[in-house]
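Enquirer: kindly generate the corresponding structure for this input.
(chains A and B)
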Amino acid sequence: MALTQQELEERKAFARTKGWQIFAVWLVLTAIVDYLVWFVWGPHMPPGTMTTSAAAQQFDFKVLAALVVPVLFMVWVYGGFALVNFRARKGEEDEDGIVLFGNRKVQGIWYVASTVLVLGLAVFGTYELIGNHDIGSGSGPSPIWNYSWAKATPQGPYAPGGTTPLVVQVIAQQWRFTYRYPQFGGMETTELYLPTNSRIVFDVTSLDVIHDFWAYQLGVKADANPDVNNIATTETTSQTGRITVRCDELCGIWHGAMYNYGEVIPASQFETWAQTMEAANAQVTKLLPPFALTYTPSYSGAGGGYYPSYDPNGHAVSY
Amino acid sequence: MRKPYVVRGLELSKGARAGIVLVSAAVAIGLILFGIFGYLRTYPPTVAATPSPTQPNTVDLTLQVEGAVGTGPHPQWVGWYAKDAAGKWVRTTIWQVPEKTYVHVTVYEYDSGGPLRNPYWGKVLGTQGGVIYLNGKPVSVLDAASGNGVAHTIDAPTLGLNVPVWGVNGNAKNFCQQGPCNPSEAHNVITFTFYSGNHPHEYRWQCFIPCGVGYLMGNGGPMQETGYMGGFIKVVA
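Expert: As a prediction, the model looks like this:
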C-alpha cells in the first residue's frame, strides 16, 4: 500500500530525529567505553609488557579492542532502539511493521567506513609485524624483518648491559622442553631463566615431532620443527616475573602436559644463576654434543641417535 | 480399522509399542557408550608402596622393567611391573605413595640400553643426594653413549624427578626375553630415594628413551600408552 505524502514526510522526520538520537547515544557510549578499554583494561591486557614483543602485542590488542567498540555499539544501540520503538504495544493489532526505504547516504557511509576499517587494519597489521621485528613470532632460519642485531648469528659472550644478545636454544622433545645456553658452556636446563633489559635470541628446534614453543608472558611463539632452526627474537624490559611455557602444537598423548615454568630475573642475578648452573651441570654438559642449531634425528626408530657429533646438518656454532 | 497388536494376550497401543522401541534403543545405545567409555577409561591397576620395615617415614616401591612385558594385549611391548603388598608382580605404571614421605625405589632392570636422544636425560634429578645407586655404586650422571647405555628413564617433570636406568647387555646368554623376569636373568639393580612432596597430587611420569620399536621415531606404541612407558605417581594424603 502506497504511503501518502504526509505519511512519508512524518516518517522522514521521525528517521531524522531518531537517527541523530541514535548517533548521539552511540557517540557518548563509544567515547566512554573506548576510554575504559584504552586506559583501564588496556594496561592489563595479555600478554603484558615483560618484553618488547609482549608490549607490542598488547598495543595491538588495545587498538583492535578500541576499534571493535564503535562497531559493536552501533549494532547494540540500534538493536536497543528497534526493540523499544518497533515493539508491539499492548492493545495494538497484530500488523506488519512500517515499510522501510533504503538510505543511500547511510549505506554509503557504512560501506566506506567498513572498507576503511578493514583495509586500515590490514595496513596496521603489516606495519606492526614489520616494525616490531616479527613481533615475537618464530620466523624461520633466516628471518626477514628481524632485529638488525639478530640478523647474523650473534657471536661472543653475553654480559648484562651489553649489546650481544643472550642466545637460548629451545629443544622440544616429546614431552618436555629443555633450554641450552651456548654462551654458558652449552649447558642445558629444564627451566627457562632470562635476564631483564636484554636482547634475547631463541633458537627453537625439536628432536622428534613438531612442537610449538609458546612463552606466553614473553609474547614469543615459535614452532619447533625437527632439523629446523626457527628463530624468534625479543628484548626483555625491566619487568621481572614468572614465565609459563606451553607446547602449542598437538604433539602426542601428553601434549597437554608439555609445559614448564621459568622466570625473568634481574640481569646480575641471572649471571649468578647461569654460572652456578654451568658449574652444576658440567658433568652432563660434557656428554652433550657441541652446540648446533639443529640436531638431526637418526630415523632409526627407537633408541637414541640424535645429537650425533658427526651430523653434517648440525651447523655447529662456537661462542 | 487396524487390529491392535497383541503380545501373549496383552493388547499394546501404538504409544506403548513406540515406548518399548525407544527404551530398547536407549538401553542399547547406553550399553554401547558404556562399553566404549569403559574401554577408553581403562587404566592399569594402582600398586601402593609398602611401609619400610627399617626406615621411619619411608615407603618401599619395588619395580622391574623389561624389553617385552609378556602379557596383556601387547606382550612384545616394553613395560614395567610393580611389586604389590603381597609380593606379586603387577603389570602397571601407576604407583601410589603417601605425601610427606620418602619413597625408596628399587628397580630391577632387565632390558638392553642405548644412547639417549638427548644425553641430558642421563642426569639424575630430584633424588635424595642427587644420586642413584647402580648395583650399589652411587652415580649422578650416566653416559648413555657408552657401554650398555641407558635402557629407560623415570621422569616426572612436575615432581622434578629424572632417573636414568642403565641397560643390560642385550647379547647376554641369560637375557630376559619376556616379563615378569626373575633375578637369575641378566639385570641391574638401581635404587634411589625421593621425597613425595607435601600435598596430594598425581604426577605424570614418562620414559625419555623413545623405546617404541617399530613406531615413528620410536615414540608410538608403548610410549603413548599408560601401563607401558608412562604412568602416574599418585601422592595421597
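
Enquirer: tell me which stretches of chain B form helices.
Expert: Using DSSP state H, the helices of chain B run over residues B:14-40.

Enquirer: domains in it, by residue range?
Expert: For chain B, automatic domain parsing gives the domain ranges B:5-40, B:46-236.

Enquirer: so is the longest one next to chain A?
Expert: Yes: using Cβ under 8 Å from any Cβ of the partner chain, a contact is recorded between domain B:46-236 and chain A, made by B:114-120, B:122-123, B:125, B:140-141, B:143-145, B:149, B:155, B:157, B:204, B:206, B:208-219, B:223-225, B:230. Bear in mind the C-beta positions are built from the backbone N, C-alpha and C, glycine included.

Enquirer: give the PyMOL command for selecting the buried subset of the residues you listed.
Expert: Selection of buried members from the residues of domain B:46-236 next to chain A for PyMOL, criterion 16 or more other Cβ atoms under 10 Å in any protein chain shown:
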select buried, chain B and resi 114+115+116+117+118+119+120+122+123+125+141+143+144+145+149+155+157+204+206+208+209+210+211+212+213+215+217+218+219+223+224+225+230
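
Enquirer: restricted to strands, list the residues of domain B:46-236 next to chain A.
Expert: Members of those lying in strands (criterion: DSSP state E): B:155, B:204, B:206, B:230.

Enquirer: in JSON lines, list the residues you listed along with pLDDT.
Expert: Output for those, formatted as JSON lines (pLDDT from 0 to 100):
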{"residue": "B:D155", "pLDDT": "95"}
{"residue": "B:R204", "pLDDT": "94"}
{"residue": "B:Q206", "pLDDT": "93"}
{"residue": "B:G230", "pLDDT": "91"}
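
Enquirer: need the pLDDT of whatever residue of the stretch 1-150 of chain A ends up closest to chain B.
Expert: Per Cβ to the nearest Cβ, A:G138 is where the stretch 1-150 of chain A lies closest to chain B, at 20.4 Å. Here the pLDDT value assigned to A:G138 is 87.

Enquirer: so it touches A:A215, yeah?
Expert: No: counting by Cβ atoms under 8 Å, no contact exists between A:G138 and A:A215, whose distance comes to 11.1 Å.

Enquirer: look up how far B:N219 lies from the closest residue to B:L63 other than its chain neighbours.
Expert: Excluding the flanking residues, the one nearest B:L63 by Cβ to Cβ, 6 or more residues apart in numbering or on different chains is B:V107, at 4.9 Å. Distance, B:V107 to B:N219, by Cβ to Cβ, to the nearest Å: 22 Å.

Enquirer: and what of A:L250?
Expert: 14 Å.

Enquirer: ditto for A:W26
Expert: 56 Å.

Enquirer: buried residues in stretch B:82-96?
Expert: Of all the residues in stretch B:82-96, those buried under the rule 16+ other Cβ under 10 Å are B:82-84, B:89-96.

Enquirer: check what contacts that stretch and list those residues.
Expert: With Cβ atoms under 8 Å, 6 or more residues apart in numbering or on different chains as the test, stretch B:82-96 has contacts from B:43-50, B:61-64, B:69, B:71-72, B:79-81, B:179-180, B:205, B:226-234, B:236.

Enquirer: now do 7 Å
Expert: Where contact means Cβ atoms under 7 Å, 6 or more residues apart in numbering or on different chains, the residues beyond stretch B:82-96 that reach it are B:43-50, B:61-64, B:69, B:71-72, B:79-81, B:180, B:226-228, B:230-234, B:236.

Enquirer: same question, stretch A:45-55
Expert: Residues outside stretch A:45-55 that contact it (Cβ under 7 Å, 6+ apart) are A:57-58, A:61-62, A:132, A:135-136, A:216-220, A:234-237, A:239, A:241, A:264.

Enquirer: now, of the residues you listed, which are buried?
Expert: A:57-58, A:61-62, A:132, A:135-136, A:216-220, A:234-237, A:264.

Enquirer: among those residues, which are in helices?
Expert: A:57-58, A:61-62.

Enquirer: same list (the residues you listed) but as JSON lines, adding pLDDT and distance to chain B.
Expert: Output for those, formatted as JSON lines (pLDDT from 0 to 100; distance: Cβ to the nearest Cβ, whole Å):
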{"residue": "A:Q57", "pLDDT": "94", "distance to chain B": "28"}
{"residue": "A:Q58", "pLDDT": "95", "distance to chain B": "30"}
{"residue": "A:F61", "pLDDT": "95", "distance to chain B": "31"}
{"residue": "A:K62", "pLDDT": "96", "distance to chain B": "35"}
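
Enquirer: tell me the pLDDT of the residue positioned nearest the centre of chain B.
Expert: A centroid search over chain B (Cα atoms, centre = their mean) returns B:T93, at 1.8 Å, as the residue closest to the centre. pLDDT recorded at B:T93 is 94.
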